[in-house]
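Undergrad: For reference, the sequence and a predicted model appear below.
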Number of protein chains: 2
Amino acid sequence: MTEAEDRRAQILDAAFEEFSTKGFKGATIKSIAGAAGVQSPALIYHYFPDKEALFNAVLETHAPIRSAVEDPTAFMDRPPEEVLPEIAQAYFATVSNPVAQRMMKLMVGEALRRPALAEVLGRATVARILDSLKKYLSRQVELGRLRPHDVRSSARAFVGMLVPQAAGRIFLPALREDGLTDKEHIETAVGIFLEGLRPER
Amino acid sequence: MTEAEDRRAQILDAAFEEFSTKGFKGATIKSIAGAAGVQSPALIYHYFPDKEALFNAVLETHAPIRSAVEDPTAFMDRPPEEVLPEIAQAYFATVSNPVAQRMMKLMVGEALRRPALAEVLGRATVARILDSLKKYLSRQVELGRLRPHDVRSSARAFVGMLVPQAAGRIFLPALREDGLTDKEHIETAVGIFLEGLRPER
DNA sequence: CAGTATTGACAGAACGTTCAATCAAGAGTA
DNA sequence: TACTCTTGATTGAACGTTCTGTCAATACTG
């Protein structure tokens, strides 16, 4: 009851929480209302036409979680020894952010069942990150800082290398048991990647 | 009605199909009964105590999808230039198998919401694969075929490198648009990995 | 007083689950 | 062989619950 100021936002927050933990089907209008501190589920229909619309509104609200690859021109010409660890670090920072974590759970969980969402997730997020990375890696090949190779593959490899560690943070706690820290992983994995693409003398 | 022989298996198949595409909540007893070619949902309760038990039975039925890392001793001493591409190939073969695809969708989708399942998925599958890989990589370092490094990290990096390509096959078709084939990806990515860990002279 | 926010009550549908009844097939018995 | 008994498989109907969405009445606010 602390802030009855903006009910819409309050409901959106609660819906985000519920959808991300229980999924679209698992979260109910009632449970969302409860989480939002609202007495009656009917109020939700005062702000949103139906459950589906509420779900889409939640997605839109949290859409602008743009990755660290915001301004491609900024790092285009900087050397990979600097840029790649920075990207990796930004990636893990994002993955450690609870809100971003919920967003990922939500998107992945629903995209598995909804092709339309998979399309959005793939194109607007993953493919975009990969494209930025491909451009950067191509540029670095041009500059002679990396040996010539297929950047479609190296871009996938680079982001992929970070995925299992991220998965350990987000939903597979069993992977944390060997105690590898994000910092250590960045150091080793990025090291392998750079060494593997070092131009021949 | 072609095979009224083993109804239990028939129901399990249908339930697997339904659970993997719609999720536990999304799949209904009715829809499962329909998919199994059974007239009445009641029949399902003749074979399984309740929906949850049916779900667990489905998981158990498809549990023994052991990865290609079955017999660790077999490839322990073989050189990484041979073994790693083979593992990657086996990985993509698994990922291309429709049944395995459904299993992955099912496990990942539900593990996001059920910590107990995440524990199983993490420990029994992912962690096990990583452990095998760690042992193999350690052994290769011992043999002087790879330079000394943190194998916890390189194991993650290796399987991770393959993940985005696999995701493109399973549920993010947008990633397929640049046309990179599995074979090409294996060649480039494994190449980077091996070059990145080549022992110094 | 006018308009919006909020509520409890409610309808209709769908859900998981239970139940009594039917059916086909085999065992036992005369 | 004929007849009953028994059992597991299968079904349609029904139960209680829960869900989404509607509605009219009330509370709040300017």
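TA: Arrived safely.

Undergrad: Other residues contacting the helix or strand of chain A with the lowest mean pLDDT?
TA: Using mean pLDDT, DSSP states H and E, helix A:72-75 stands out as the lowest-scoring helix or strand of chain A, at a mean of 78. Defining contact as C-beta atoms under 8 Å, 6 or more residues apart in numbering or on different chains, one finds that helix A:72-75 is touched by A:Val83, A:Glu86, A:Ser132, A:Lys135, A:Tyr136. Bear in mind the C-beta positions are built from the backbone N, C-alpha and C, glycine included.

Undergrad: following it, which helix or strand comes up?
TA: Downstream of helix A:72-75, the next assigned helix or strand under DSSP states H and E is helix A:80-96.

Undergrad: is DNA strand D contacted by the helix or strand just after that following helix?
TA: The C-terminal neighbour of helix A:80-96 among helices and strands, as given by DSSP H and E, is helix A:98-111. No: using C-beta under 7 Å from any atom of the strand, helix A:98-111 never reaches DNA strand D; the gap is at least 14.3 Å.

Undergrad: And for the next helix or strand after helix A:98-111, what's in contact with it?
TA: Reading on from helix A:98-111 to the C-terminus, the next helix or strand found by DSSP H and E is helix A:115-120. By C-beta under 8 Å, 6+ apart, the list of residues contacting helix A:115-120 from outside reads A:Met107, A:Glu110, A:Ala111, A:Leu112, B:Phe171, B:Leu172, B:Pro173, B:Ala174.

Undergrad: Which one of the contacts of helix A:72-75 is nearest to DNA strand C?
TA: A:Ser132 (41.0 Å; C-beta to the nearest atom of the strand).

Undergrad: same for the strand or helix carrying the closest one, what does it pack against?
TA: Using DSSP H and E, A:Ser132 maps to helix A:127-142. Identification of packing neighbours for helix A:127-142 by 3 or more C-beta pairs under 8 Å, 6 or more residues apart in numbering or on different chains; DSSP states H and E yields helix A:72-75, helix A:80-96, helix A:151-170.

Undergrad: Between helix B:151-170 and that helix, find me the angle.
TA: Interaxial angle of helix A:127-142 relative to helix B:151-170 (axes from the mean of the first three to the mean of the last three C-alpha atoms, to 10 degrees): 120 degrees.

Undergrad: what comes up buried for helix A:127-142?
TA: For helix A:127-142, the neighbour count (16 or more other C-beta atoms under 10 Å in any protein chain shown) marks A:127, A:129-130, A:132-141 as buried.

Undergrad: what sits against A:Arg139?
TA: Contacts of A:Arg139 (C-beta under 8 Å, 6+ apart): A:Met76, A:Asp77.

Undergrad: make it 6 Å
TA: Residues near A:Arg139 by C-beta atoms under 6 Å, 6 or more residues apart in numbering or on different chains: A:Met76.

Undergrad: Report the distance from the least confident helix or strand of chain A to the chain centre.
TA: Taking C-alpha atoms, centre = their mean, to the nearest Å, the mean C-alpha location of helix A:72-75 is offset from the chain mean by 20 Å.

Undergrad: Alpha carbons of that helix, in CSV - could you do that?
TA: This file holds the C-alpha atoms of helix A:72-75, laid out as CSV (Å, rounded to 0.1, in the frame of the first residue of the first chain):
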residue,chain,number,x,y,z
PRO,A,72,29.2,-0.4,-32.3
THR,A,73,31.2,2.5,-33.6
ALA,A,74,32.8,3.2,-30.2
PHE,A,75,34.9,0.1,-30.0
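
Undergrad: Fine by me, we can end here.
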